[in-house]
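A.B. asks: Fold the following.
(2 chains)
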Amino acid sequence: MKDLRVGPEFERAGIERGQSFDFSFEGQPIQAHPGETLGAALTAAGITTFRTTRGQGRPRGLFCGIGICFDCLVVVDGRPNRRACLTPARPGAVVRMQTGTAEDFYPLEETQQGEDGSQNAL
Amino acid sequence: MVMETEIAVVGAGPAGLAAAVAASEAGCRVTLVDTYARPGGQYFKQTPAAFGATRPQALHGEWAKAARLFEAVAAHPLVSVLSDTSVWTAHPNADDDNFTLYLTGGEDGAESKLTARKVILATGAYDRVLPFPGWDLPGVLAAGGLQSLVKSQRVLPGRKIVLSGSGPFLLPVAAGLAEAGANLVGVFEATRPVEWLRWGGVALRQWDKLNEGRHYLQTLRKYGVPVRFGRAVVAAEGGERLERVTVARLTSDWTPRPDSLTEIEADTLGVGYGFLPSSELALVLGCRQRYDPVGGAFFIEADVAGRSSQAGVFVAGELSGIGGSALALPGGALAGLAAAQDLGHLSRAEQESRAVLYRREVARRQPFAQALNSMFRLRPGWQSWLRPDTTICRCEEVPYARVRLALDELGAGDVRAVKLTTRCGMGLCQGRVCGHIVTALTAQATGRNPAQVGTFANRPIVKPVTLEELIKG
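C.D. replies: Have a look, this model is predicted:
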């Protein structure tokens, strides 16, 4: 099916998107154009679930669309808590859904033991 | 890195642009800080530079005004623009009358500081969304976010779209969608035209704005988009994403009429019930706020020139009351001129002579803004849309039942108590989305007014920063 970008027959602003490139989302290639946000490129591809909540594992995606609500968080190249609505799509970026608090992506195993027995993340 | 300027303007929407232009033309050095890659804010939002739009005016009825401001800001030697940059906190300095703003560059950028003698805050507003069962499903978006996708990114949000809410903003969002080829199956406005008649006299004196509304309605008629009044989406259902919405006919207080519920298939819903001011930075800087019963929200106290209760801090645009660009443009200019006068770049007489036209424009537009806020004010019946499992705080996944427990059984008497007992407002959005909801529910339950039950306490860090930035700060 055709993607959700505004088609040329409706394009009144004389927009010509640059050469498309791919990034990956959950291992799938997603097409994007220069200037597009991750949120827009994923939306264009019909993807609406960007993360799951840490309490009930509920799906969430774009909500406020302008950086206020933090519902569209994704993991970009291993860095969690990126707002998909603001983050530009880049060629070759590896984007993952953020699950819960994205604890999988924090290197908590690399800890050092303090003298008092406390654990400190490096 | 520490930068230094005379006036820091935060936010490059209509108000911030107008403030920067007026202040620089009066001889002030201005640094304009903006979160986005290109100036314009939400109202004058541009397509990305890489899209190479040759006819940007086709996407905006007021493009000429925007283009003049973009040009003036770019060309003036006294203005420097910091794009892709957010202010994550700020404070008045202890040892002089200046201010320090802490900056973070985009998602990955470098940290720096900006000291300024005066601060003009033009941080704008964001959609006010009312909760209903299913509003947390993917595919349900704030109307402004939906518009931003279409107008700036030129992507349709879905294949079958419904808009619901209240206020003049729904119409341009709907028209923009229709003109972009979206399959918009219905626009539902909770108020009814007959309820607007009281303000008809004021509206008739704003012919340009009425004409704008008529133009949007004509566009929707041309594309066969049905617009229905006295109705709203009161529930949404779906699995992984939105699949259908329930539309109800509403009484005048927005309670659904019995037997009036109809289901509509849709994969996308845009919701907007007016706007809330982005007051975080103003509150961090110590500006006083007041509750406006008509706007149904807390706004920053300011005089006509934007002077807040905190000396040296001005607010412009939506922070002191929702009025759209018609008020933000002259209001921003007045703040710029007042700051220039306070810095000694304009004499009182020079300031007065430059300000007179802007003041007249504010006086002309203010009654209409107030009329719109009255016509589309929230009615309390929306609280009857909630079910025990309806999410109130999206970040912390707090259901309505838990809020009711706090209010009815645990005796929570104000917003702070509800927050402490339920975790509402403790999540990543810092209560921006659910704050107004918790205030309204608490006011209703306690029989006190919103000014008495208050808002969530303001946080000293208003934008996310890394620990590294905090340590260096």
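A.B. asks: tell me the centre residue of the chain?
C.D. replies: Defaulting to chain A. residue A:74 (3.5 Å; CA atoms, centre = their mean).
A.B. asks: wrong chain, I was asking about chain B
C.D. replies: residue B:125 (1.8 Å).
A.B. asks: Would you confirm that residue A:62 contacts residue A:39?
C.D. replies: Yes: using CB atoms under 8 Å, residue A:62 is in contact with residue A:39, at 5.2 Å. Where C-beta positions appear, they are placed from N, C-alpha and C, glycine not excepted.
A.B. asks: before we move on, the earlier item: gap between the residue nearest to the centre of chain A and residue B:144?
C.D. replies: Distance, residue A:74 to residue B:144, using CB to CB, to the nearest Å: 21 Å.
A.B. asks: just residue B:317 next, same as before
C.D. replies: 15 Å.
A.B. asks: Compare neighbour counts for these two and give me the winner.
C.D. replies: residue B:317 (34 against 27; other CB atoms under 10 Å in any protein chain shown).
A.B. asks: Next, the residue of chain B found nearest chain A: secondary structure please.
C.D. replies: In chain B, the residue that lies nearest chain A is residue B:145 (2.1 Å; CB to the nearest CB). State at residue B:145, reduced to three classes by DSSP: H, G, I helix; E, B strand; the rest coil: helix.
A.B. asks: Not counting its neighbours along the chain, what's nearest it?
C.D. replies: Distances taken as CB to CB, 6 or more residues apart in numbering or on different chains place residue A:65 nearest to residue B:145, at 2.1 Å, with adjacent residues excluded.
A.B. asks: for the one you found, what are its contacts?
C.D. replies: Shown in contact with residue A:65 (CB atoms under 8 Å, 6 or more residues apart in numbering or on different chains): A:39, A:85, B:141, B:142, B:144, B:145, B:146, B:148, B:149.
A.B. asks: How about the residues of the stretch 351-473 of chain B by chain A?
C.D. replies: Residues of the stretch 351-473 of chain B lying close to chain A by CB under 8 Å from any CB of the partner chain are B:394, B:395, B:396, B:397, B:427, B:428, B:429, B:432, B:433, B:464.
A.B. asks: Based on its surroundings, how many neighbours for residue B:115?
C.D. replies: Residue B:115, neighbours per other CB under 10 Å, totals 16.
A.B. asks: Specify the local secondary structure of the residue nearest to the centre of chain A.
C.D. replies: strand.
A.B. asks: Looks like it contacts residue A:95 (just checking).
C.D. replies: Yes: contact criterion CB under 8 Å: residue A:74 and residue A:95 qualify, at 5.4 Å.
A.B. asks: Mind listing the shared neighbours of the two?
C.D. replies: Shared contacts of residue A:74 and residue A:95, defined by CB under 8 Å, 6+ apart, are found at A:25, A:38.
A.B. asks: Run the chain-centre distance for the helix of greatest length in chain B.
C.D. replies: If you go by DSSP state H, chain B has its longest helix at helix B:348-375. Computed by CA atoms, centre = their mean, to the nearest Å, the chain-centroid distance of helix B:348-375 equals 20 Å.
A.B. asks: same check, this time on stretch B:94-106
C.D. replies: Put simply, stretch B:94-106 sits 24 Å off its chain's centre (CA atoms, centre = their mean).
A.B. asks: Residue B:178: neighbour count?
C.D. replies: 22.
A.B. asks: tell me the contacts of it?
C.D. replies: Neighbours of residue B:178 in contact, by CB under 8 Å, 6+ apart: B:184, B:219, B:220, B:222, B:223, B:225.
A.B. asks: Would you mind measuring from residue B:403 to residue B:278?
C.D. replies: 24 Å.
A.B. asks: Who has more neighbours out of those two?
C.D. replies: Neighbours were counted for residue B:403 and for residue B:278 using other CB under 10 Å; residue B:403 has more, 26 against 22.
A.B. asks: And what about the more buried one, helix, strand or coil?
C.D. replies: helix.
A.B. asks: Quick check: residues of the stretch 101-250 of chain B near chain A?
C.D. replies: Taking CB under 8 Å from any CB as the criterion, the stretch 101-250 of chain B approaches chain A at residues B:106-107, B:126-127, B:136-142, B:144-146, B:148-150, B:153-159, B:179-181, B:240-241.
A.B. asks: Give me the pLDDT value at the closest residue to chain B within chain A.
C.D. replies: The nearest approach of chain A to chain B comes at residue A:65, 2.1 Å away (CB to the nearest CB). With respect to pLDDT, residue A:65 has a value of 97.
A.B. asks: Just the element for it, please.
C.D. replies: Following DSSP states H and E, one finds residue A:65 outside all helices and strands.
A.B. asks: ok, so what distance separates it from residue A:12?
C.D. replies: 22 Å.
A.B. asks: looking at it, residue B:226 is touching residue B:186, isn't it?
C.D. replies: Yes: with contact defined as CB under 8 Å, residue B:226 counts as touching residue B:186 (5.3 Å).
A.B. asks: So those two - more neighbours on which side?
C.D. replies: residue B:186 (20 against 11).
A.B. asks: returning to what we had before: among the residues of the stretch 351-473 of chain B next to chain A, name the buried ones.
C.D. replies: By neighbour count, with 16 or more other CB atoms under 10 Å in any protein chain shown, these hold B:394, B:395, B:396, B:397, B:427, B:428, B:429, B:432, B:433, B:464 as buried.
A.B. asks: nearest to residue B:33, of those residues?
C.D. replies: residue B:464 (16.4 Å; CB to CB).
A.B. asks: what's the closest non-adjacent residue to that closest one?
C.D. replies: residue A:81 (7.0 Å).
A.B. asks: Compute the number of surrounding residues for that neighbour.
C.D. replies: 18.
A.B. asks: could you measure it against residue B:424, distance?
C.D. replies: 21 Å.
A.B. asks: Tell me which two of the buried ones among the residues of the stretch 351-473 of chain B next to chain A sit farthest apart.
C.D. replies: Spatially, the most separated pair among these is B:397 and B:464, at 19.6 Å (CB to CB).
A.B. asks: quick one: contacts for residue B:14?
C.D. replies: Counted by CB under 8 Å, 6+ apart, residue B:14 has contacts B:41, B:43, B:44, B:65, B:66, B:69, B:317, B:325, B:328, B:329, B:332.
A.B. asks: wait, is the second one part of a strand?
C.D. replies: No: secondary structure assignment places residue B:43 outside any strand; it is coil (three-state DSSP).
A.B. asks: what pLDDT does it get?
C.D. replies: 95.
A.B. asks: give me phi/psi at it?
C.D. replies: Here is the backbone geometry of residue B:43 (degrees, to the nearest 10): phi -70, psi -50.
A.B. asks: List the pairing partners of the helix or strand harbouring residue B:100 within its sheet, with orientation.
C.D. replies: Assigned by DSSP H and E, residue B:100 belongs to strand B:99-105. Paired strands of strand B:99-105, with direction, are strand B:85-92 (antiparallel), strand B:111-121 (antiparallel) (DSSP bridges).
A.B. asks: how deep is residue B:122 tucked in, by neighbour count?
C.D. replies: Residue B:122: 32 neighbours (other CB under 10 Å).
A.B. asks: isn't it right up against residue B:313?
C.D. replies: No: Residue B:122 lies out of contact with residue B:313 (CB under 8 Å); the separation is 11.8 Å.
A.B. asks: Give me the neighbour count for residue B:262.
C.D. replies: Counted with other CB under 10 Å, the neighbours of residue B:262 add up to 10.
A.B. asks: same question but for residue B:133, I mixed them up
C.D. replies: For residue B:133, the count of nearby residues is 19 (other CB under 10 Å).
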